[in-house]
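In: give me a 3D structure for the following:
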Amino acid sequence: MRIDILNLGMNGEGVGKVDGKITLANFVLPGESAEIEIVKDYKNYSLARTTKIFDKSSERVNPPCKYFYTCGGCTLQHMSYSLQLKFKTDLVKNTIKKITGIDCNVENTVLSKHQYNYRNKASFNYQGAHAGFYKTNSHEIVDIDHCDICSQTINDIFRVFNDYIKLNSLETYIKYLVVREIDSQILLGVVTNTHININTLYNILLDNANLKNKKIGIYQIVNTRKDSVVLKGKVYHVAGIKEIEIKNFGLTYFVDLLGFHQTNIDIQNKIYSYVLECIELNEIVVNGFSGAGLLSAIISSKAKHVYGIEIDKSSHFSAEKLKKDNKIFNLTNILGDFNKEIDKIGLFDTLVLDPSKKGLGKAISKKLTQAKKIIYISCNPIALAKDLNYLKDYFNIEKIVPFDMFPNTTSVETVIILKNKE
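Out: Numbers count the residues shown, from 1 in each chain. I've put the predicted structure just below:
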């Protein structure tokens with residue numbers, strides 16, 4: 001059957017109607033027509049597989065990745081970058097309107113300097129002789145030899161590692177390979193189902209022509225879990241550096257293999273710079289969900305005092321180390337649940353919030369409503385909109401700016417500025 005595509009769904013699929021019923025078809029764009037096959041039929045909508053495309057859009061591009069149509073890592077490579085940015089702007093606007101009823105203005109999505117080779121961290125899946133990423137909605141691995149959105153160094157590591165495990169017949173022991181690479185410093189996490197000897201891997205990496213003049217560290221994580229959690233288990237430092245040293249925003253800080261760090265440094269820096277612009281001189285700021293403390297430390301360069309609240313112990317200790325190493329005296333890091341710990345803090349001016357994909361959670365503290373201003377950083381438009389449903393009674397939306405942290409995917413980072421109505 002044939003369908004005319006009217007717009008894009010929240011996962012980047014083409015949206016049209018078949019016999020009056022909303023139908024979502026993969027890899028088609030607005031203005032195009034397509035031959036489709038219905039694969040799942042629900043009460044209010046259908047899912048379809050596209051078999052042929054007619055009247056191709058001027059916004060359609062040829063995906064550079066040869067695995068695009070089978071790998072589940074990227075879903076927007078068939079769109080021009082300008083259409084990707086518009087899609088993300090519309091996604092934020094429409095999600096907020098649908099959940100809150102607020103028809104708000106959303107700024108154009110801030111573009112990423114690089115649309116490819118931007119990721120500084122990747123986790124590759126292994127099943128015997130198979131290595132790569134999962135197919136969409138599947139645990140079946142798509143075998144790849146490179147990933148176009150990962151840095152060239154990560155791709156080099158991936159190829160060398162695959163040759164190494166084949167040469168040493170280690171395929172049955174490998175579960176994942178995690179690689180982080182920043183400023184010519186590389187950390188590898190070899191996740192295995194039992195302890196194995198990989199000591200010779202270090203020198204092989206050092207001797208590779210593409211990896212010359214890079215600092216490398218290797219960890220082995222013995223993970224016997226049956227679920228999809230990757231970096232859990234007994235951790236062994238095999239060889240080389242133990243952490244990556246980063247100099248940014250006038251600060252020196254360290255990131256290990258297990259710690260969180262944004263995968264697109266260009267967009268991270270643009271977001272943090274924007275947040276800093278929104279902070280007034282001599283404000284008292286509370287940074288909720290502060291992680292390893294980088295944003296709190298950046299804000300401290302302008303604020304009178306900053307309170308960083310983080311529930312994860314490891315991240316809290318990293319934040320304390322960052323504070324000590326950089327001799328920051330107007331920053332207090334607090335270990336605990338944000339919605340409980342904020343009640344213990346006195347008067348403050350601005351709240352900076354950067355929660356997980358779940359958002360603020362159901363037990364939102366009433367103390368949030370005392371802030372003069374909230375700067376909310378979100379990686380999930382749905383969770384953001386749900387939290388706005390609560391906050392809209394106390395705050396007006398001043399500005400919404402999406403940032404393209406993950407080009408060629410449907411993910412978008414959003415910064416929203418809220419001003420207290422009183």
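In: alpha carbons only for contacts and neighbour counts from here, please
Out: Will do.
In: can you name the residues bridging to residue 60?
Out: residue 79 (DSSP bridges).
In: count the residues that sit near it.
Out: Using other Cα atoms under 10 Å, residue 60 has 18 neighbouring residues.
In: now swap in the one 4 residues further on and tell me
Out: Burial of residue 64, expressed as a neighbour count using other Cα under 10 Å, amounts to 11.
In: and the helix or strand hosting residue 274, average pLDDT?
Out: Using DSSP states H and E, residue 274 maps to helix 265-277. Per-residue pLDDT over helix 265-277 has a mean of 97.
In: packing partners of that helix?
Out: helix 294-300 (3 or more Cα pairs under 8 Å, 6 or more residues apart in numbering; DSSP states H and E).
In: tell me where this structure has helices.
Out: Ranges of helices in the chain, per DSSP state H, are 81-100, 152-167, 201-207, 265-277, 294-300, 313-325, 338-341, 381-391.
In: please identify the buried residues of the third one?
Out: For helix 201-207, burial by neighbour count (16 or more other Cα atoms under 10 Å) applies to 201-202, 205.
In: could you dump these into CSV with distance to residue 381 and pLDDT added?
Out: Converted to CSV, those look like this (distance: Cα to Cα, whole Å; pLDDT from 0 to 100):
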residue, distance to residue 381, pLDDT
201, 42, 97
202, 42, 97
205, 40, 97
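In: between these, which is nearest residue 112?
Out: Using Cα to Cα, residue 205 is the member of those that lies nearest residue 112, at 30.4 Å.
In: skipping adjacent residues, who's closest to that closest one in space?
Out: Excluding its sequence neighbours, the residue lying closest to residue 205 (Cα to Cα, 6 or more residues apart in numbering) is residue 211, at 6.8 Å.
In: distance-wise, check that neighbour relative to residue 193.
Out: Distance of residue 211 to residue 193, computed by Cα to Cα, to the nearest Å: 28 Å.
In: wait, residue 282 sits on residue 302?
Out: Yes - counting by Cα atoms under 8 Å, residue 302 is a contact partner of residue 282 at 6.7 Å.
In: the more surrounded of those two?
Out: The neighbour count for residue 282 versus residue 302, taken as other Cα under 10 Å, is higher for residue 302 (17 against 13).
In: check contacts around that one.
Out: Residue 302 sits next to 276, 279-282 when contact means Cα atoms under 8 Å, 6 or more residues apart in numbering.
In: quick one: which of those residues has the most company?
Out: Among the contacts of residue 302, residue 279 has the most neighbours (other Cα under 10 Å), with 21 neighbours.
In: how near is that residue to residue 351?
Out: From residue 279 over to residue 351 the distance is 10 Å, taken as Cα to Cα.
In: what do you get for residue 322?
Out: With the distance defined as Cα to Cα, residue 322 ends up 21 Å from residue 351.
In: those two: which is more packed in?
Out: Set residue 322 next to residue 351 and count neighbours by other Cα under 10 Å: residue 351 wins out with 24 against 20.
In: who touches that one in this structure?
Out: Residues near residue 351 by Cα under 8 Å, 6+ apart: 285-288, 368, 371, 373-376.
In: which one of those is nearest residue 167?
Out: Checking the contacts of residue 351 against residue 167 by Cα to Cα gives residue 288 as the nearest, at 47.9 Å.
In: wait, that closest one touches residue 309, no?
Out: Yes - here residue 288 reaches residue 309: they are 5.0 Å apart, a contact under Cα under 8 Å.
In: identify the contacts common to those two.
Out: Common neighbours of residue 288 and residue 309 (Cα under 8 Å, 6+ apart) are residue 338.
In: and the residue nearest to residue 415 when sequence neighbours are not counted, how many neighbours?
Out: Nearest non-adjacent residue to residue 415, counting by Cα to Cα, 6+ apart: residue 377, 4.5 Å away. Around residue 377 there are 23 other residues, counting by other Cα under 10 Å.
In: so who does residue 377 touch?
Out: Counted by Cα under 8 Å, 6+ apart, residue 377 has contacts 352-355, 413-416.
In: residues touching residue 122, list them.
Out: Residue 122 is in contact with 150, 154, 178-180, counting by Cα under 8 Å, 6+ apart.
In: please apply the same query to residue 253.
Out: 245-247, 322, 325.
In: quick one: buried ones out of these?
Out: If you count burial by 16+ other Cα under 10 Å, the buried members of the contacts of residue 253 come out as residue 322.
In: pretty sure residue 417 is touching residue 399, no?
Out: Yes - taking contacts as Cα under 8 Å, residue 417 lies within contact range of residue 399: 5.1 Å.
In: and these two? Which one has more around it.
Out: The neighbour comparison of residue 417 against residue 399 (other Cα under 10 Å) goes to residue 417, with 19 against 15.
In: mind checking pLDDT for the more buried one?
Out: Residue 417 carries a pLDDT score of 98 in this model.
In: cool, and the one 5 residues further on?
Out: At residue 422, the pLDDT value in this model is 83.
In: from residue 371, how far out is it?
Out: Per Cα to Cα, residue 422 is found 10 Å from residue 371.
In: the more surrounded of the two?
Out: Counted by other Cα under 10 Å, residue 422 and residue 371 do not tie: residue 371 has more neighbours, with 20 against 9.
In: pretty sure that one contacts residue 350?
Out: Yes - under the criterion of Cα under 8 Å, residue 371 makes contact with residue 350 at 5.6 Å.
In: what's the distance between residue 412 and residue 213?
Out: 34 Å.
In: again with residue 395
Out: Distance, residue 395 to residue 213, using Cα to Cα: 52 Å.
In: higher neighbour count, the two?
Out: Taking other Cα under 10 Å, residue 395 and residue 213 do not tie; residue 395 has more neighbours (20 against 10).
In: any idea of the pLDDT on the more buried one?
Out: Value for residue 395, per-residue pLDDT: 96.
In: quick check: bridge partners of it?
Out: residue 420.
In: right, and it touches residue 421 too?
Out: Yes - Residue 395 lies in contact with residue 421 (Cα under 8 Å); the separation is 5.1 Å.
In: still on that earlier bit, out of the contacts of residue 351, who has the most neighbours?
Out: Counting neighbours by other Cα under 10 Å, residue 286 comes out on top of the contacts of residue 351 with 29 neighbours.
In: so who does it touch?
Out: Contacts of residue 286 (Cα under 8 Å, 6+ apart): 306-309, 348, 350-352.
In: return the closest of these with respect to residue 264.
Out: Set against residue 264, the nearest of those by Cα to Cα is residue 352 (20.4 Å).
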